[in-house]
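>>> Okay, sequence plus prediction incoming.
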Amino acid sequence: MTTLQARIAEAVENRADRITQTLCDLVSFDSIVKSNPREAGPGERLCQEYLQMRLEKIGFTTDLWDPDGPALYEKYKGRPGANKGRTFEGRPNLGGTLVGKGGGRSLMLTGHIDVVPPGAPEHWTSDPFVPVVKDGYIQGRGTVDMKGGVASMLMAIEILREIGVELSGDVVFTTVVDEEIGGMGSLAMVDRGFRADAGIMTEPTANRIAPLCHGILWGKIIIDGIGGHAELTPNAWYSSGPVDAVQLARQMLDGIDILNRRWMFDPKKNHPLMDLPNQIIITQIKAGEHPSSMAGRAEIIIDVQYLPSEKDAFGLGGHVKREVEAHVGAVCQADPYLREHPARVEWILDADCAEVSAEHPFVTAFQGAVAQAGLSPDLSGFGAHSDIGLPTGLGETPTVNFGPGNPAQSHQPNEKVSIRDLIDCTKSIALAIENWCR
């Protein structure tokens, strides 16, 4: 480690309290996004205005804007990140650029500030938006996913400025909304022209460099039975019904288990950096109309993972959609009723994925910075979806995931991140900026 790098590492350690306070400030904004973005409150805007103020204090030129959802959809329809019906009124994206002296490589730091709803209050030991600092952790909604990462990337560049580190390359800073419901905020950010020679997205990876993530499909399997009185002896379905959609849904769930078992041993569904094979995860089930009536309809919501190697010609999960649809059709063939009244799949969301080569110059440079910060430089996969596909593909900014916190804490009640993780992440990013942009 050079004298300058040692000075950077020491400066980060000396600002542990400010790193902690920065995350507490961010958590206090209830920047919730719901599946219907029109229900979002002012928290996203207020959080972005706070970040804008911090960036401008250290010399960034900033851009705070409400994306035009319908126009973006028309421009990118059928491409990654283009989701119909999105609205961004009062839900701005933030971008900023700190111009270097010239002649150096640029780096983009990016993340999202929207968070999922906290859920039932009784599941929390504290108010989700009143951060609690205790026993070396910060607790609150978004501490892990992913305001901890945003705090680290902000503090990394602030610290470099404070100790007088001069950079030749530009540093680009972007924070987006809408990530938790599909990534159109990142699409808007790339469309706005924010890009760099490389990028770090500070999603929680337990401070491991993750150069790939899963693509995600959300789908709804709809099964139509025939409603009828639950307590009376039914006639045959082919005369007057009823047919229990709950029973049919059980058969479909068993069929999904079979496909998951098959995927466990399919090389196309596995990646050496991923801990688990691709899976179809059941996230919601809705069935029935009345306590004394057989269900006339059942709906099964699925979350389907796919790898970058499985992307179709549009950079999305079209091949995997067809695979799932074919399997649902095969399950229907095993039942005499479903054979004549097959289930259907409606696709809700297709969130793309990306992979940056382990040999990419930025990946190897970042591994060196992480090692200097005392962390493991080994690469890993990010099992969930993140938005790295949009800057990497459309924006031509090869972007990796790297951020503080145990990703398993994401979306959980009593979500919390280690202060040590925050410090180590801030240090790694600061060292990476100095190395890459000098």
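On my side now, so go ahead. On a predicted model such as this, the values are computed, not experimentally measured, just so you know.
>>> can you give me the strands in the stretch 51-200 of the chain?
Using DSSP state E, counting those that start in this stretch, the strands found in the stretch 51-200 of the chain span residues 61-65, 93-98, 107-112, 132-134, 137-139, 171-176, 198-201.
>>> Same question for the stretch 201-350 of the chain.
Taking DSSP E, counting those that start in this stretch as the criterion, the stretch 201-350 of the chain contains strands spanning 215-224, 228-229, 280-287, 293-294, 297-306, 344-351.
>>> per-residue confidence averaged over the first one?
Across strand 215-224, the average pLDDT comes to 96.
>>> Okay, now the sheet partners of that strand, with direction.
strand 297-306 (antiparallel), strand 344-351 (antiparallel) (DSSP bridges).
>>> Only the buried residues of the first one, if you could.
By 16 or more other Cβ atoms under 10 Å, the buried positions in strand 297-306 come out as Arg297, Ala298, Glu299, Ile300, Ile302, Asp303, Val304, Gln305, Tyr306. All C-beta atoms are positioned from the backbone trio N, CA, C, and that covers glycine.
>>> just so I know, which of the strands paired with strand 215-224 lies nearest Gly96?
Among the strands paired with strand 215-224, strand 344-351 comes nearest to Gly96, with 25.3 Å by Cβ to Cβ.
>>> mind listing what the residue positioned nearest the centre of the chain touches?
Central residue of the chain (Cα atoms, centre = their mean): Ser386, 3.6 Å from the mean position. Counting by Cβ atoms under 8 Å, 6 or more residues apart in numbering, Ser386 makes contact with Met201, Glu203, Cys213, Asn401.
>>> Please name every helix or strand in contact with the least confident helix or strand in the chain by mean pLDDT.
Using mean pLDDT, DSSP states H and E, the weakest-scoring helix or strand in the chain turns out to be strand 228-229, at a mean of 88. In terms of contacts (3 or more Cβ pairs under 8 Å, 6 or more residues apart in numbering; DSSP states H and E), strand 228-229 is packed against strand 293-294.
>>> And the contacts of the strand it packs on?
Contacts to strand 293-294, defined as Cβ under 8 Å, 6+ apart, come from residues Gly225, Ile226, Gly227, Gly228, His229, Ala230, Pro234, Pro242, Val243, Asp244, Ala245, Val246.
>>> Report the buried members of those.
Gly225, Ile226, Gly227, Gly228, Pro234, Pro242, Val243, Asp244, Ala245.
>>> Looking at the residues you listed, which is nearest Val171?
Comparing these against Val171 with Cβ to Cβ places Ala245 closest, at 54.9 Å.
>>> Can you name the residues that contact the closest one?
Counting by Cβ under 8 Å, 6+ apart, Ala245 makes contact with Ile223, Asp224, Gly225, Ala287, Gly288, Met294, Ala295, Gly296, Arg297, Ala298.
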